[in-house]
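J.: sequence first, predicted model second:
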Protein chains: 2
Amino acid sequence: MSTTTFPIQLSFVSERPYHHGNLRSALLEQAESILRDQGAEQLSLRELARQVGVSHAAPRRHFQDRQALLDAIAENGFARLGTELSNAFTSVGDSFAPRVRALAAAYVRFATDDAALLELMFGAKSLDPDGPMHDAAMAAFDPVFELIAQGQAEGRLESGDPERVGMVLFASIQGAAALFTAGMIERAALDQLTVDAITYFLRGAQPAQTS
Amino acid sequence: MSTTTFPIQLSFVSERPYHHGNLRSALLEQAESILRDQGAEQLSLRELARQVGVSHAAPRRHFQDRQALLDAIAENGFARLGTELSNAFTSVGDSFAPRVRALAAAYVRFATDDAALLELMFGAKSLDPDGPMHDAAMAAFDPVFELIAQGQAEGRLESGDPERVGMVLFASIQGAAALFTAGMIERAALDQLTVDAITYFLRGAQPAQTS
DNA sequence: ACCTGAACACCGTTCAAGT
DNA sequence: ACCTGAACACCGTTCAAGT
């Protein structure tokens, strides 16, 4: 009779002995799954502990309170978003316009795949300037600003602080995803909106006509 | 000895006898105030009832559950947003560009004045197509689409479904406000971003050059 | 070091009963 | 019609105690 006969959510990540050494990651993993399926409001520490198979007080060792757990999830989210944007940037050749489309598509995919996570990430108060998560969050968007710099170097975008120029693109894509996850527009309208937002951005952010 | 000696939150709206006839609006008003100050998560039905001076079961007569209260608040929000956008549209002369700026400014003001309310409005599941609140929500943005139609009629915007064209502007302004309320950018950056979003939209949505 | 069990002060929701 | 009070099944958080 081994001690772990029940195949309780082994999940993707690990097949280690459980209970000792990786409670923290088991909690995070399960919490992310609940978040995705039920939303942040339905995420209860007690239920989470139950599903992972520990007492309701055990999570306290790893997360001081509910908010600390949510913050940790959000931080994971920014890390994953960063790698996904980075992948999109490098996996599509090196011309400017396709990269813009790939980056926007990657962001929209991330946002719509796990709307509750994105909401959590943007709801995290720790995001504000000088907050502990601000740098990690901004780092995720580095590929966007790098791309803007490329567009400027190639004369396709007006000059100026890449963060300032890129923020316009970022805001419109973020807004588009928000309209979809809020249910205001349907999937097809989101795709159309994404294309339009990119088109208008590229035309609107061109250097002033010189002829 | 009158029955109402304590001046418990008389608030703005009414000075009617209280307790009889207007519990519903008293609850809504107080709930909106709590929402603005503390956020939706801190809004407890029991505490709300306490503050309004009724038993914890009394709200049930007017709101079947917590979600119904939140939905009602969101609906009020869309109504108020509608009138504020409408006011912005009509209170600034009738030229196109100033109207765009006024509308954007009004939206940003609404969003940043009461971020928790906007989050609630966009979080309301009842927003999706065929949901009970979708029409009321879309109606609030009528001034935006009307303005787009004006821009098209004056040859300043490319033709096409005004909803499609306007959605790009709407998304970018909404995204800008979201970046601010999330704490990612500061107030000054939001103002700059709003200006840039409008500029890029106006240039990018121009009819194709014909010469 | 890591986890448990009991305890405390809250919730939302329901329902019989009061006026 | 509108509200109350008790009850139920949950919470998050804390803390002494176990191994």
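T.: Arrived safely, thanks for sending.
J.: is the helix or strand of chain A with the lowest mean pLDDT positioned near chain B?
T.: Ranked by mean pLDDT, DSSP states H and E, the helix or strand of chain A with the weakest confidence is helix A:134-140, at a mean of 92. Yes - Helix A:134-140 reaches chain B (CB under 8 Å from any CB of the partner chain) through A:134, A:137, A:138. Where you see a C-beta, it was placed from the backbone N, CA and C, and this is true even at glycine.
J.: could you dump that helix to CSV, C-alpha only?
T.: The C-alpha trace of helix A:134-140 is given here as CSV (Å, rounded to 0.1, in the frame of the first residue of the first chain):
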residue,chain,number,x,y,z
HIS,A,134,6.3,46.9,-12.2
ASP,A,135,9.7,46.0,-13.7
ALA,A,136,8.7,42.4,-14.3
ALA,A,137,5.6,43.5,-16.0
MET,A,138,7.2,46.0,-18.2
ALA,A,139,10.0,43.5,-19.1
ALA,A,140,7.3,41.3,-20.7
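J.: so what touches it?
T.: A:75, A:78, A:79, A:81, A:82, A:85, A:121, A:126, A:127, A:128, B:183, B:184 (CB atoms under 8 Å, 6 or more residues apart in numbering or on different chains).
J.: right, and the helix or strand after that helix?
T.: Along the chain past helix A:134-140, the next helix or strand (assigned with DSSP states H and E) turns out to be helix A:142-153.
J.: touching that next one from outside, list them.
T.: A:82, A:85-86, A:88-89, A:96, A:99-100, A:103, A:157-160, A:162-163, A:165-166, A:169-170, A:205.
J.: let's see that with 7 Å instead.
T.: By CB atoms under 7 Å, 6 or more residues apart in numbering or on different chains, the residues outside helix A:142-153 that reach it are A:85-86, A:89, A:96, A:99-100, A:103, A:157, A:159, A:162-163, A:165-166, A:169-170.
J.: which residues touch residue A:52?
T.: By CB under 7 Å, 6+ apart, the neighbours of residue A:52 are A:26, A:27, A:30.
J.: how much space separates it from residue A:24?
T.: Distance from residue A:52 to residue A:24, counting by CB to CB, to the nearest Å: 10 Å.
J.: could you do residue A:188 as well?
T.: In terms of CB to CB, residue A:188 sits 41 Å off from residue A:24.
J.: what's the closest non-adjacent residue to the residue nearest to the spatial centre of chain A?
T.: Centrality entry for chain A: nearest residue to the mean C-alpha point is residue A:81, 4.1 Å, by CA atoms, centre = their mean. Among residues not flanking residue A:81 along the chain, residue A:140 sits closest, at 4.6 Å (CB to CB, 6 or more residues apart in numbering or on different chains).
J.: tally of neighbours for that neighbour?
T.: 21 (other CB atoms under 10 Å in any protein chain shown).
J.: just the one 4 residues further on next, same as before
T.: When neighbours are counted by other CB under 10 Å, residue A:144 registers 23.
J.: now do it, the pLDDT please.
T.: On pLDDT, residue A:144 comes in at 98.
J.: could you do residue A:15 as well?
T.: Residue A:15 is given a pLDDT of 30.
J.: over to the one 3 residues further on?
T.: At residue A:18, the model reports a pLDDT of 43.
J.: for the one 3 residues further on, same thing?
T.: Residue A:21 carries a pLDDT score of 74 in this model.
J.: tell me which element it falls in.
T.: Per DSSP H and E, there is no helix or strand for residue A:21.
J.: what packs against the longest helix belonging to chain A?
T.: When chain A is parsed with DSSP state H, its longest helix is helix A:66-90. When contacts are defined as 3 or more CB pairs under 7 Å, 6 or more residues apart in numbering or on different chains; DSSP states H and E, helix A:66-90 packs onto helix A:23-38, helix A:96-113, helix A:115-123, helix A:134-140, helix A:142-153.
J.: which of those helices sits closest to residue B:66?
T.: Ranking the helices and strands packed on helix A:66-90 by proximity to residue B:66 (CB to CB) places helix A:23-38 first, at 16.1 Å.
J.: what residues does chain A have near chain B?
T.: Residues of chain A lying close to chain B (CB under 7 Å from any CB of the partner chain) are A:122, A:125, A:127-129, A:131, A:137, A:164, A:167-168, A:171-172, A:174-176, A:178-179, A:182-184, A:186, A:192-193, A:196-197, A:199-201, A:203-205.
J.: show me the shaky parts of chain A.
T.: A:1-20, A:209-211 (pLDDT under 70).
J.: got the residues of chain A near DNA strand D?
T.: A:43, A:44, A:45, A:46, A:47, A:56, A:57, A:60, A:64, A:65, A:66, A:67 (CB under 7 Å from any atom of the strand).
J.: surely the first one touches residue A:34?
T.: Same thing as residue A:43. Yes - using CB atoms under 7 Å, residue A:43 is in contact with residue A:34, at 5.2 Å.
J.: before we move on, the earlier item: out of the residues of helix A:134-140 next to chain B, give me the one that has the most neighbours.
T.: residue A:137 (25 neighbours).
J.: show me chain A divided up by domain.
T.: For chain A, the structural domains run A:15-63, A:64-204, going by automatic domain parsing.
J.: identify the residue spatially nearest to residue A:128, adjacent ones excluded.
T.: Nearest to residue A:128 is residue B:183, by CB to CB, 6+ apart, at 3.0 Å.
J.: which SS class is that neighbour?
T.: coil (DSSP: H, G, I helix; E, B strand; the rest coil).
J.: nothing else from me, thank you.
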